[in-house]
Every structure is written in structure tokens, then in C-alpha cells.
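A.B. asks: When you get a sec, could you give me coordinates for this:
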Amino acid sequence: MMINENSGLLEVYRIENTGTHTRMHSIPVGVRPDMIMPTSDCRTVVFAVEGNAYNNGSHFIDPEGAIGIIRFPHADGIAGSYQYTQLDFRKFNDAWQDLVSRGARFIYRENNNKFSNDVEPEYITFNTDESIAYVSLQENNAVAEVDLITLNITAIHPLGFKNWTESKLDVSDKDKGINIRQWPVMGMYQPDVIKFVTIGDKSYLLTANEGATKDYSDIEGSGGFNEASRVEDLTIDDPYHETAHVPFWASQNGFFWNLQTEKNLGRLVVSNLEGKHDNVYDDLFTFGGRSISLYDTSTFTQVYDSGSDVEEKIAQYQPDLFNANGKPESSIVSKTKDARSDARGPEVECLAVAKDGDSTVIFVGIERPGLIAIYSIPGSDVNAIKFESLWSGIPKTNETYQSLYNQRVISDVGLDDLRYIPANESPNNKPLLLSTASTSGTVSIFEIKGLTGPIGSGNVR
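C.D. replies: Now for the predicted structure:
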């Protein structure tokens, strides 16, 4: 049987005052469309065509990733005809070496794969006047910039790497506790959710640096491709080799003989593609930044990264939930602590942004196991960002997840998305935060208290 994965659809419905809905359009858009983002007037809809790999029944296919744009140009809006434009990444196929040298990634190169096929658009955000869309290319550690006036992908911005010798993280699920420290590892930021924000008179891109891997090992025809390996399974270079940064660090920091043990760096999941020569590794690159970052959109220079703050605040305020998995349901909550330290840690997944007078409030959704951290930026100085609080929907840690589900007291496990609703758009005239979580299967609504400035600002994006 031939499988046709090109049948992804965007369906457009009109909601009637009676509560019924009418399907107006069913538009074929390509392979596995992901996020949808309408402009404020709903006349333009932008969506990410992720183009995940698959086997069609006879051979392996890695389809092109793309940005889809649908416009409803007529006066009757979605009731009228539409114009569909699909933007591919083919013009970057000859530029991939430059992009990779600046910190982007070209991951699956087998089967004569091209960069435009490897790209997987993930999340979309608009600038203030909705003339530009920024699209995260999560696995590729980059952000695409799209001109919505000329319908053109104008740039791919590589995000570079985070030096974990200058910050801290917990790298092992077998070290019997919380151990946040420096390690000779580079982090690939790989944001999922991104948000365009204006702070003072400058514009920034705010990123939630979750991390992601490509594993095609269960797709026939891929050659068993999986880019992830544990450090204990890799061959580390001789410390006297002039480019051998990892073994040199180990020899200088007391880990010459035991760097790759399970209680140290051995359990950490890293890329088996970067940092090597002849299958011997000088550098190690792990997935995700375990942080939030801010990039100046005029230069795409990173002006802020939260470093190890997310892990450190969870360790301080919710130690039983530190890098916990949120499952299986039969497990006692506290027994799942530290289970994700070897992978992407807390997995900083999603974001929402509110304005409180001259201050900016950032809500950070943490997927593992499900927490919301709140930060604020007073005025226009992004380096003055400060941690405010940490919330969890898991009220008890000495019982099983299933017991908490049975009591109906648990929520927000496996956080996926956050949306802020300002007071002037809220049904109860109070600022609200919405969250969705896939593991607990919950939607939560929070009233935001403690805002001191005008609370009618912000938007539901």
C-alpha cells in the first residue's frame, strides 16, 4: 500500500452566532503542517509545513520543509476565494556550509538529502505590524525570517551554541540526586516557541530553548539514522591533541579517568554528528539550552540567556520535581526526580508575555514535569531581568501520578502552550493565563495577580 503523506490540510471554519460552525475551505498544504498563526484581521494565515520524514510504502522520503501563507483578499473575508503561497528553502541549499559554520545545523545528509529537505519549521511569531514572520527551525538550531509583504524568506539566522563550561547543568540521571555544575559540553539552543517582544524602544526575539533530536531509526529506508548518542558510547580524543577541548578540560578538572562514567558525563545524550574527526570526539554538543534567550532582531545578536537559572530555581523551590519525567502514572512523583537530566533536562517549552506598565512579564512553560516560571524585566534594560516565582500543578510528591489523577488534583503535566489574555480582552475583565498540557490532558485558566501597572496591555499571542 502506498502512503500519501502529502495530504496535510488546512481547514477554515466560520463560527456562527448560533454556536454552529460551517467549513468554508479545505486546503491541501503539504506534509504534516504544524503551527498556524493568523494575522490580527484574519486575512492572512501563516503556518509551518514541518515536512517530517516517512516511508511511503516503497521508499524513505524526507519532504521539504516550507512556510505556507494563505490570503483572503476579498471583502467577504474567509467566505471568498483564497490565495495560497508556499515558500520553500531551496535557495539556501548552496549556502548551508556558511549557515552551519555560523551555528545552524544540516542534520540528515544521507540519501542525497538537501538542506531544504532537512529544514523543519516549528513555531511562528509576527513583528508588531505583522509585516515579518519569524519561524523557529528547531532541530536546525536557527530562525527563518519571512517578509509577509513580498512573500519571501529573506534570511536564516543561526543561533550558535552555549558553552556549558561557562554555565551549569545536571547531566546524569544516575548520580543519585541534583548535581548542577560545569561540564565540557556545548549546548544547541534549538528553541520551540519563540515570541517577538518590544522592550523600551527595541525589538527582541524571546526563545524557549527546549531542544530536539532527529531519530529515523524506525523508518524503513533511512539507514537506521539516529543523531543521538550517550557520551559513554563515544570515543573521546587524546587530551594532548591541540583541538581536544573535552579531554583537555577533563585532565584539568579531575575527570581524566572517569569523565564518561554514568555518574559524571557518560549518561548525557549528545549529537553524534558534531564535534568529531574520524569518529573521535574533541567536542560534545547536547540538545537544548535549558533556558530562555533574547535576541536583538536588528542584528540577531543574543543579548541575554538565563544560563542555569531554570534548573537552579526548580532545585531550590521544587526539588522533588527537578527534571522529573511526569510519568509513568504508576510512579511516585518524587521517584521520577532527575529522570530527564541526561536528556534535555526541564525542557523549556513555551512562553507568554504580558506588559505591566513599563515592565515586561514573561511566563515560561517548563514541560518536565510541568511548571511555570515567571520572570520580569523592569523598564528597558534586558539585563535587569529577574526571577519572580515558580508554579506547579502537582500538589503532592509523595503519591503516584495516578493517585493524583484519581483525586483530580493534578494539572499542567507536560506543558505545551501558554497564552496571556490581557484584561481588556478577557471575559471577566481580569488578566488571564491559559495553559495546555498533553500528558495530563488539561487546560488551565489562571487569574494573574500582582500586576501593578495598567493591565490592559499585551495580547493573546
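A.B. asks: For this protein, give me the ranges with low pLDDT.
C.D. replies: For the chain, the stretches flagged by pLDDT under 70 are 1-6, 453-461.
A.B. asks: Can you show me the strands along the stretch 201-350 of the chain?
C.D. replies: 202-208, 228-230, 269-271, 276-277, 280-281, 285-287, 292-296, 301-305, 348-356 (DSSP state E, counting those that start in this stretch).
A.B. asks: and these, which is most packed in?
C.D. replies: Scoring the strands of the stretch 201-350 of the chain by mean neighbour count under mean count of other C-beta atoms under 10 Å gives strand 285-287 as the most buried, with a mean of 25. Every residue, glycine included, has its C-beta placed from N, CA and C.
A.B. asks: Measure how far that strand is from the centre of its chain, please.
C.D. replies: Put simply, strand 285-287 sits 14 Å off its chain's centre (C-alpha atoms, centre = their mean, to the nearest Å).
A.B. asks: Point out the other helices and strands that that strand packs with.
C.D. replies: Under the contact criterion of 3 or more C-beta pairs under 8 Å, 6 or more residues apart in numbering; DSSP states H and E, strand 285-287 touches strand 186-188, strand 269-271.
A.B. asks: Between those strands, which one is closest to residue 364.
C.D. replies: The closest of the helices and strands packed on strand 285-287 to residue 364 is strand 186-188. By C-beta to C-beta, the value is 16.9 Å.
A.B. asks: what about that closest one, distance to the chain center?
C.D. replies: Per C-alpha atoms, centre = their mean, the displacement of strand 186-188 from the mean C-alpha position of its chain is 14 Å.
A.B. asks: just so I have it, where are all the helices in the stretch 251-400 of the chain?
C.D. replies: Here the stretch 251-400 of the chain has its helices, by DSSP state H, counting those that start in this stretch, at 309-317.
A.B. asks: typo on my end, the stretch 51-200 of the chain
C.D. replies: 96-101, 115-118.
A.B. asks: which one of the ones you listed is the most hemmed in?
C.D. replies: Ranked by mean neighbour count, the helices of the stretch 51-200 of the chain are led by helix 115-118 with a mean of 22 (mean count of other C-beta under 10 Å).
A.B. asks: got the contact list for it?
C.D. replies: 51, 62-65, 88-90, 92-93, 96, 99, 106-109, 140 (C-beta atoms under 8 Å, 6 or more residues apart in numbering).
A.B. asks: Can I have the buried ones of those residues as a ChimeraX selection?
C.D. replies: Here is the ChimeraX command that picks out the buried ones among those, judged by 16 or more other C-beta atoms under 10 Å:
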select :51,62,63,64,65,88,89,92,96,99,106,107,108,140
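A.B. asks: ok, back up a step: save the helices of the stretch 51-200 of the chain as JSON lines, and put in distance to residue 272 too.
C.D. replies: Formatted as JSON lines, the helices of the stretch 51-200 of the chain follow (distance: least, C-beta to C-beta, whole Å):
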{"stretch": "helix 96-101", "distance to residue 272": "16"}
{"stretch": "helix 115-118", "distance to residue 272": "16"}
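A.B. asks: what number of residues lie near the nearest residue to residue 401 once chain neighbours are set aside?
C.D. replies: The shortest distance from residue 401 to any non-neighbouring residue, by C-beta to C-beta, 6 or more residues apart in numbering, is to residue 329 (4.5 Å). Using other C-beta atoms under 10 Å, residue 329 is surrounded by 14 other residues.
A.B. asks: now the helices and strands packed on strand 285-287 as TSV including distance to residue 77?
C.D. replies: Formatted as TSV, the helices and strands packed on strand 285-287 follow (distance: least, C-beta to C-beta, whole Å):
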stretch	distance to residue 77
strand 186-188	41
strand 269-271	46
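A.B. asks: quick one: the residue nearest the centre of the chain from residue 437, how far?
C.D. replies: Nearest to the mean C-alpha position of the chain, by C-alpha atoms, centre = their mean, lies residue 192 at 1.8 Å. Plainly put, residue 192 is 14 Å away from residue 437 if you go by C-beta to C-beta, to the nearest Å.
A.B. asks: picking up where we left off before, tell me which of the helices and strands packed on strand 285-287 sits nearest to residue 249.
C.D. replies: Taking the helices and strands packed on strand 285-287 one by one with C-beta to C-beta, strand 186-188 is closest: 11.6 Å.
A.B. asks: Within its sheet, name the partner strands of the closest one and how each one runs.
C.D. replies: In the sheet, strand 186-188 lines up against strand 161-163 (antiparallel), strand 285-287 (parallel) (DSSP bridges).
A.B. asks: so what's residue 298 closest to, chain neighbours aside?
C.D. replies: Sequence neighbours aside, residue 203 is the residue nearest to residue 298 in space, at 7.2 Å (criterion: C-beta to C-beta, 6+ apart).
A.B. asks: from what I can see residue 16 touches residue 23, true?
C.D. replies: No. Counting by C-beta atoms under 8 Å, residue 16 stays clear of residue 23, with 11.9 Å between them.
A.B. asks: Now tabulate the strands of the stretch 201-350 of the chain in TSV and tack on distance to residue 396.
C.D. replies: As requested, those are exported to TSV (distance: least, C-beta to C-beta, whole Å):
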stretch	distance to residue 396
strand 202-208	27
strand 228-230	33
strand 269-271	30
strand 276-277	45
strand 280-281	43
strand 285-287	31
strand 292-296	28
strand 301-305	33
strand 348-356	23
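A.B. asks: wait, which of those is closest to residue 250?
C.D. replies: strand 280-281 (11.9 Å).
A.B. asks: Report whether the expected contact of residue 452 with residue 355 is present.
C.D. replies: No. Counting by C-beta under 8 Å, residue 452 stays clear of residue 355, with 11.8 Å between them.
A.B. asks: Count the neighbours of residue 427 for me.
C.D. replies: 8.
A.B. asks: Would you verify that it is located in a helix?
C.D. replies: No. Per DSSP: H, G, I helix; E, B strand; the rest coil, residue 427 lies outside any helix segment and is coil.
A.B. asks: Give me the distance between it and residue 420.
C.D. replies: According to C-beta to C-beta, residue 427 and residue 420 sit 14 Å apart.
A.B. asks: Same question for residue 43.
C.D. replies: 24 Å.
A.B. asks: Compare those two (neighbour count), which wins?
C.D. replies: Per other C-beta under 10 Å, whichever of residue 43 and residue 420 has more neighbours is residue 420, with 24 against 15.
A.B. asks: re earlier: minimum distance to residue 166: which of the helices of the stretch 51-200 of the chain has it?
C.D. replies: Nearest to residue 166, of those and by C-beta to C-beta, is helix 96-101 at 21.3 Å.
A.B. asks: Which other helices and strands does the closest one contact?
C.D. replies: Applying 3+ C-beta pairs under 8 Å, 6+ apart, we find helix 96-101 packed against strand 152-158.
A.B. asks: Can you show me the CA trace of the strand it packs on as PDB?
C.D. replies: Extracted in PDB, the C-alpha atoms of strand 152-158 (Å, rounded to 0.1, in the frame of the first residue of the first chain):
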ATOM      1  CA  ASN A 152       9.900  35.800   0.600                       C
ATOM      2  CA  ILE A 153      12.100  34.000   3.100                       C
ATOM      3  CA  THR A 154      14.800  36.700   3.500                       C
ATOM      4  CA  ALA A 155      17.200  35.100   5.900                       C
ATOM      5  CA  ILE A 156      18.100  32.100   8.100                       C
ATOM      6  CA  HIS A 157      19.600  33.200  11.400                       C
ATOM      7  CA  PRO A 158      21.900  30.600  13.000                       C
END
